[in-house]
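S.K.: Predicted structure and sequence below. I'll ask about it afterward.
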Amino acid sequence: MTFFNFFKHSLFLAIFYTLTSTSLPAYAKTDSEKQKLEAFFKDLESFTRVFSDIKQLYVDDVENKELFDNAIKGMVTGLDPHSNYLEPKEQKDLLESASGKFGGLGIVIGMKDDAIQVISPIDDTPAYRAGIQAGDLIVKIGDKPVRGMTLEEGVELMRGEPDTNVQITVVRKNKKPFVVSITREIITITSVKGYLLEKDIGYIRISSFQNPTAKLLKETLNKLVKQNDRYLESLILDLRNNPGGVLDSAVDVSNLFIDKKGLVVYTEGRIPSSNLKFKTEPGDVMLGSHIVVLINEGSASASEIVAGALQDHKRAIIMGNTSFGKGSVQTIIELDEGYGLKVTTARYYTPSGRSIQAKGIEPDITLKNISLENEKEESVIGDTKEKDLNGHLEVEDPSELSSEEILESQGNKKEEQDKKTIEKLKKDYFVHEASNLLRALTVLNN
């Protein structure tokens, strides 16, 4: 027997001993169990054969650990786009991303075929400002094609030191591939923003779901009520291009508006610990006022949980486009030496039992992606003046202003900026249609 045949059989026996002593029955009691065991050992022998052939024939000598790591990665990533075997640095990067602050472009991504798909750009980030859209496919990062990369390898290439540039080649529906150059920044996510669109109609944008999101939402709503001088008759909750985030945050946000006993969401998996129910906590902060929730193909995960819960409880009208359809739960398992396993363990279901996974949330009212902007009025880059830029320098010398005048000036600028934002929102077709619907509902109820 050659060394490699000896190695193959030794490895086979070692794996056989490990598996039979931990997860397989000591012996097969039925014909079905015997057939499963025979199939298992046949597959295992195929694996060890390939392993030993690589050790013997591959052009370079490869360490056993590298081969095993690659085998594990292939086994896990082949399950679904969200499961992965994490090396120590990848595990660290995942925890860093969860903190809400990291150096990069500001996009949430996933794998689609041989490309990296943009699930959504994050508000006020380099990718968002560069015009990257939900559904875009990244086919090249710098001069490296994405084909054959893992998602983590793509992330590694796009991340980097702040103020450094990276070029990505993007494929967008009905457009030729184009290159976008983006300057990396430290990404800090502000998850909640709110504006009083007009008397009695509030607008709140949630860009992601973090631990303090529900608290920030409640505070923002209180500010709008104060600004309106009375409770709002209507609210637009904008979850477009919201990639999700913390599950508990989605449950807390849903509970701010639901005033019925029941469920916000539940999960089902193969093991008992994956079967969870998240119940409502009655107490509607809007006191029954009308709510429209805006979603699109970039709304994923936690944002789909909120939209699904409010839709099933008939607490809000959902407008826009069918959401992304990311309705699975990933569990992070810490392994030895800093490694980690991110594996899908359950699926999300709305209160009525609808699966979100790969289906998404269908809106009550579907809207087309059209613009109300007059293209002739759009500014041309060549015609842009210094005064048109955000944060442009004023003529006055700030050293000649008192602290009170500086604060007043800053307040005036924020008020002016808010007015510009509100005017821009009113030209947003989705917001425009939501406002029209809310006005009509208010008239019908009066």
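M.R.: Yes, it's here.
S.K.: contacts and neighbour counts: CA atoms only from here.
M.R.: Fine.
S.K.: Settle this for me: V192 is touching I204, isn't it.
M.R.: Yes - applying CA atoms under 8 Å as the test, V192 and I204 come out as touching, 7.0 Å apart.
S.K.: tell me, what's touching these two both at once?
M.R.: L217, T220 (CA atoms under 8 Å, 6 or more residues apart in numbering).
S.K.: all strands for the stretch 251-400 of the chain, in order.
M.R.: 263-269, 276-279, 290-295, 317-320, 328-334, 340-349, 365-366 (DSSP state E, counting those that start in this stretch).
S.K.: Check the stretch 1-150 of the chain too.
M.R.: Under DSSP E, counting those that start in this stretch, the stretch 1-150 of the chain gives strands at 84-86, 101-104, 107-112, 115-121, 137-141, 144-145.
S.K.: circling back to that earlier point, quick one, which of the strands of the stretch 251-400 of the chain is packed in tightest?
M.R.: Highest mean neighbour count among the strands of the stretch 251-400 of the chain (mean count of other CA atoms under 10 Å): strand 290-295, with a mean of 25.
S.K.: How far does that one sit from its chain's centre?
M.R.: 19 Å (CA atoms, centre = their mean, to the nearest Å).
S.K.: circling back: out of the strands of the stretch 1-150 of the chain, which gets nearest to A307?
M.R.: Distance to A307, taken as CA to CA, is lowest for strand 115-121 among the strands of the stretch 1-150 of the chain, at 16.7 Å.
S.K.: Run the angle between the closest one and strand 137-141 for me.
M.R.: On the basis of axes from the mean of the first three to the mean of the last three CA atoms, to 10 degrees, strand 115-121 is oriented at 120 degrees to strand 137-141.
S.K.: and the angle from strand 115-121 to strand 107-112?
M.R.: Relative orientation of strand 115-121 with respect to strand 107-112: 150 degrees, computed using the same axes, to 10 degrees.
S.K.: Give the buried residues for strand 115-121.
M.R.: Within strand 115-121, the residues scored as buried using 16 or more other CA atoms under 10 Å are A115, I116, Q117, V118, I119, S120, P121.
S.K.: Quick check: beta-bridge partners of the third one?
M.R.: Spelled out, it's Q117. Beta-bridge partners for Q117, by DSSP bridges, are G110, L137.
S.K.: returning to what we had before: kindly reformat the strands of the stretch 1-150 of the chain as TSV containing distance to G353.
M.R.: What follows is those, written out as TSV (distance: least, CA to CA, whole Å):
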stretch	distance to G353
strand 84-86	28
strand 101-104	35
strand 107-112	26
strand 115-121	25
strand 137-141	32
strand 144-145	41
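S.K.: what are the ranges of the helices in the stretch 301-446 of the chain?
M.R.: Remark: helices assigned in the stretch 301-446 of the chain by DSSP state H, counting those that start in this stretch are 302-312, 403-426, 429-445.
S.K.: Ranked by average pLDDT, which of those helices falls at the bottom?
M.R.: Note on the helices of the stretch 301-446 of the chain: lowest mean pLDDT is at helix 403-426, with a mean of 69.
S.K.: Dig out what the residue nearest to N275 when sequence neighbours are not counted forms beta bridges with.
M.R.: In space, and not counting its chain neighbours, N275 is closest to E268: 4.5 Å by CA to CA, 6 or more residues apart in numbering. With DSSP bridges as the criterion, E268 is bridged to R347.
S.K.: so what pLDDT did E268 get?
M.R.: 96.
S.K.: Please report phi then psi for G131.
M.R.: G131 adopts backbone torsions of phi 90, psi 10, taken as degrees, to the nearest 10.
S.K.: can you check the one 5 residues further on too?
M.R.: D136 adopts backbone torsions of phi -60, psi 140, taken as degrees, to the nearest 10.
S.K.: how much space between it and S120?
M.R.: The gap separating D136 from S120 is 9 Å, by CA to CA, to the nearest Å.
S.K.: Next up, the contacts around the residue nearest to N275.
M.R.: E268 makes contact with S274, N275, L276, A346, R347, Y348, Y349, according to CA under 8 Å, 6+ apart.
S.K.: what's the burial count for N64?
M.R.: The number of residues packed near N64 is 11, by other CA atoms under 10 Å.
S.K.: Give me the helix or strand of the protein that scores worst on average pLDDT.
M.R.: Counting by mean pLDDT, DSSP states H and E, the chain has its least confident helix or strand at helix 3-22, which shows a mean of 50.
S.K.: shaky segments in the chain?
M.R.: Residue ranges of the chain with pLDDT under 70: 1-29, 93-103, 373-414.
S.K.: Per the annotation, how does it divide into domains?
M.R.: Listed by automatic domain parsing, the domain ranges of the chain are 3-62, 101-188, 189-329+361-373+400-446.
S.K.: Can you add distance to L79 and give those back as CSV?
M.R.: Output for these, formatted as CSV (distance: least, CA to CA, whole Å):
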stretch, distance to L79
domain 3-62, 17
domain 101-188, 13
domain 189-329+361-373+400-446, 12
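S.K.: Please name whichever of the strands of the stretch 1-150 of the chain is nearest to E185.
M.R.: Of all the strands of the stretch 1-150 of the chain, strand 101-104 comes closest under CA to CA, at 5.4 Å.
S.K.: doesn't P126 make contact with R159?
M.R.: No - taking contacts as CA under 8 Å, R159 lies outside contact range of P126: 11.9 Å.
S.K.: Same drill for the two, tell me which one is more crowded.
M.R.: Per other CA under 10 Å, whichever of R159 and P126 has more neighbours is P126, with 22 against 19.
S.K.: What segments of the stretch 51-200 of the chain are helices?
M.R.: Assigned by DSSP H, counting those that start in this stretch, the helices in the stretch 51-200 of the chain fall at 64-77, 88-98, 126-129, 151-158.
S.K.: which strands and helices sit next to the shortest one?
M.R.: Read it as helix 126-129. Packing contacts for helix 126-129, counted by 3 or more CA pairs under 8 Å, 6 or more residues apart in numbering; DSSP states H and E, involve strand 178-183.
S.K.: contacting residues around the strand it packs on?
M.R.: The contact list for strand 178-183, computed with CA under 8 Å, 6+ apart, reads 105, 126-127, 130, 162-171.
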